[in-house]
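1. Sequence below, structure please.
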Amino acid sequence: MNNREFNTERRRLCIAGTALLGSSFFPSIVNAQASSGTFRIGALNSITGSGSSYGVGMQKIIIAMAERINALGGAGGRKLEVFAEDDQTKPEAGVLAAKKLLDVNKVGAILGTFSSGVTLAVMPLTDAADAILMNTSGAPSISERNTKGFSWRFEATNDRYGRAFAQAAKNNGFERPATMAFNNASGLSNTQGFKEAWEAAGGKVVQSVVYEPNRPSYRSEVQKIIEAKPDVVVMGSYLQDTTIILREWYQSGYDLRWIMPNWAGNEALIKALGKDVCEGVLTVGTISNEGSPALEDFNTLYQKLTGNPGSTNSYASMCYDMVVVLALAMEAAGPNASSVEINAKIPEVAGADGTVVHSFEEGREKLKSGKISYQGASSKLNFDKRGDASPDFSINIIKNGVIERQSRVQV
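-> Model prediction:
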């Protein structure tokens, strides 16, 4: 992962008619004036900070898919113009970047916010600008605050993650769970969702610890957990803090197991800590749309762009779908449609009803005959009235340094 410093306030990426994808961290920057023949998009991703292991690939996919739409002649008579920014996985940085995108670059949509804290901070800005916001965040409060209907969540909500954690704990016979949560909307709602589901089934959580970000050590928090003598710890965490916590737990010698979201428990965690530390860790994540032509295409594209399998970044598959859904909504809305008009067409191209399609090209053709239902790489989408997709979950276990699926669940 390359986190070299850069000045995002001065970065601008123009997709239309330009070769953008190269071996550098970001594609070359091209200045261009806006025109009625373009629709401006902000790619607001976590290039640095705790979400950076996913954000780089997410942004590359947004750029590549916009380039592909343009090569097909654009959407709704317009080419896509992308402006890329780094939210640093921090709400404050996300707000500054979003203000630039909305006020200076005049984007009509912002794609790819990862952290719930960033999405919640940016939502009032996009709502005020009547701009579309597509995110991969999990906090339930995003749905509650989506009163104008401009937010579209491509990830499962954290309370649903919590219920999946509870299912994982039950399936594996645990009886004395504790929780550890990163102190932000995502981490807290993950563990709160677990607690509610566990207690509703008659269980008890023996200890709950909330910890602050960007700490060099969490030894005292780990010790507090150990003193409660749990048999498993359910995490609402990110990769960087999880790496520190598991290392310090392993050094303690205390025998317990871990359940965590797949954005924290993944190949990068195994690489950082080794297979012995990670042995038996349970990870929970949403399942991509297995068997879908869109997923097959995403996997090929992601491998080409990053050199890594698409399975290592499910959030990039969500960004792949974001660009397709936006482009299909633009096509449905027609030439020179406003963001409000485009937004209104999203349920008509990615809802449960309509002819099933798996690509922009196929969807554009079928739109001539009526409603379509784009079923993407990340899931079948089928957005509900709150703008939330509803993917299934996979419960996985790390064995001898390899992540294996235990079961598939719906919650």
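2. Please count neighbours and contacts with C-alpha atoms only from this point.
-> Fine.
3. residues in contact with stretch 182-195?
-> Stretch 182-195 has contacts (Cα atoms under 8 Å, 6 or more residues apart in numbering) with 115-117, 137-140, 158-166, 179-181, 205, 210-213, 234-238.
4. nope, stretch 42-52 is what I was after
-> Outside stretch 42-52, the residues within contact range by Cα under 8 Å, 6+ apart are 1, 3, 53-56, 58-59, 62, 82-90, 94, 97-98, 101, 107-115, 238-240.
5. Relative to the whole chain's centre, how far out is that stretch?
-> 10 Å (Cα atoms, centre = their mean, to the nearest Å).
6. which residues of the stretch 1-150 of the chain fall in helices?
-> Remark: helices assigned in the stretch 1-150 of the chain by DSSP state H, counting those that start in this stretch are 52-71, 91-99, 116-128, 140-145.
7. nearest to Q406, of the ones you listed?
-> Ranking the helices of the stretch 1-150 of the chain by their distance to Q406 (criterion: Cα to Cα) puts helix 52-71 first, at 23.7 Å.
8. Could I have the CA atoms of that closest one written out in CSV?
-> Taking Å, rounded to 0.1, in the frame of the first residue of the first chain, the C-alpha atoms of helix 52-71 are listed here in CSV:
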residue,chain,number,x,y,z
SER,A,52,-6.6,3.2,2.9
SER,A,53,-6.1,-0.6,2.3
TYR,A,54,-9.5,-0.4,0.4
GLY,A,55,-9.7,3.3,-0.7
VAL,A,56,-6.9,3.2,-3.3
GLY,A,57,-8.5,0.4,-5.2
MET,A,58,-12.0,2.0,-4.8
GLN,A,59,-10.8,5.1,-6.5
LYS,A,60,-9.0,3.3,-9.3
ILE,A,61,-12.2,1.4,-10.1
ILE,A,62,-14.3,4.6,-10.2
ILE,A,63,-11.9,6.2,-12.6
ALA,A,64,-11.7,3.1,-14.8
MET,A,65,-15.4,2.6,-15.0
ALA,A,66,-16.0,6.2,-15.8
GLU,A,67,-13.5,5.9,-18.6
ARG,A,68,-15.3,2.8,-19.9
ILE,A,69,-18.7,4.6,-19.9
ASN,A,70,-17.1,7.4,-21.9
ALA,A,71,-15.6,5.0,-24.4
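9. Rounded mean pLDDT for stretch 220-233, please.
-> In this model, stretch 220-233 has a mean pLDDT of 98.
10. got it, and stretch 373-385?
-> 95.
11. what's L72 in contact with, if anything?
-> Contacts of L72 (Cα under 8 Å, 6+ apart): E361.
12. switch to 6 Å and redo it
-> Listed by Cα atoms under 6 Å, 6 or more residues apart in numbering, L72 has no contact partners.
13. swap in P140?
-> By Cα under 6 Å, 6+ apart, the contact list for P140 reads T157.
14. Same check on T126?
-> Taking Cα under 6 Å, 6+ apart, one finds nothing in contact with T126.
15. how near is the closest residue to F383 other than its chain neighbours to A200?
-> Distances taken as Cα to Cα, 6 or more residues apart in numbering put A389 closest to F383, at 4.7 Å, once the chain neighbours are dropped. Per Cα to Cα, to the nearest Å, A389 is found 25 Å from A200.
16. Then A178?
-> 16 Å.
17. Who has more neighbours out of those two?
-> Taking other Cα atoms under 10 Å, A178 and A200 do not tie; A178 has more neighbours (24 against 10).
18. can you tell me how far the residue positioned nearest the centre of the chain sits from T355?
-> Geometric centre of the chain, nearest residue: T136, 3.0 Å, by Cα atoms, centre = their mean. Per Cα to Cα, T136 is found 25 Å from T355.
19. so how many other residues sit close to A71?
-> Residues near A71, counting by other Cα under 10 Å, number 13.
20. let me redo that: S220
-> Residues lying near S220 (other Cα under 10 Å) number 11.
21. for W198, same thing?
-> Neighbours of W198 (other Cα under 10 Å): 22.
22. and the contacts of stretch 42-52, which of them are in strands?
-> Among these, the ones falling in strands (DSSP state E) are 82-86, 109-113.
23. Make a markdown table out of these and add distance to E296, pLDDT and neighbour count.
-> Below are these laid out as a markdown table (distance: Cα to Cα, whole Å; pLDDT from 0 to 100; neighbours: other Cα atoms under 10 Å):
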| residue | distance to E296 | pLDDT | neighbour count |
| --- | --- | --- | --- |
| V82 | 25 | 99 | 27 |
| F83 | 27 | 99 | 23 |
| A84 | 26 | 99 | 28 |
| E85 | 28 | 99 | 27 |
| D86 | 28 | 99 | 28 |
| A109 | 26 | 99 | 26 |
| I110 | 25 | 99 | 27 |
| L111 | 22 | 99 | 26 |
| G112 | 21 | 99 | 29 |
| T113 | 24 | 99 | 30 |
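24. thinking again about what came up before, just the buried residues of the contacts of stretch 182-195.
-> Buried members of the contacts of stretch 182-195, scored by 16 or more other Cα atoms under 10 Å, are 115-117, 137-140, 158-166, 179-181, 205, 210-211, 234-238.
25. where along the stretch 101-250 of the chain do the strands fall?
-> For the stretch 101-250 of the chain, the strands defined by DSSP state E, counting those that start in this stretch occupy 109-113, 132-135, 151-153, 177-182, 207-211, 232-236.
26. residues touching Q88, list them.
-> Neighbour list for Q88: 46, 48-49 [criterion: Cα under 6 Å, 6+ apart].
27. Select from the residues you listed the one having the most neighbours.
-> Within the contacts of Q88, most neighbours by other Cα under 10 Å means S46, with 28 neighbours.
28. Give me the neighbour count for the nearest residue to that residue once chain neighbours are set aside.
-> Take S46 and drop its neighbours on the chain: the residue closest to it by Cα to Cα, 6+ apart is G55, 4.4 Å away. By the criterion of other Cα under 10 Å, G55 has 27 neighbours.
29. May I have the beta-bridge partners of M134?
-> With DSSP bridges as the criterion, M134 is bridged to L111, W152.
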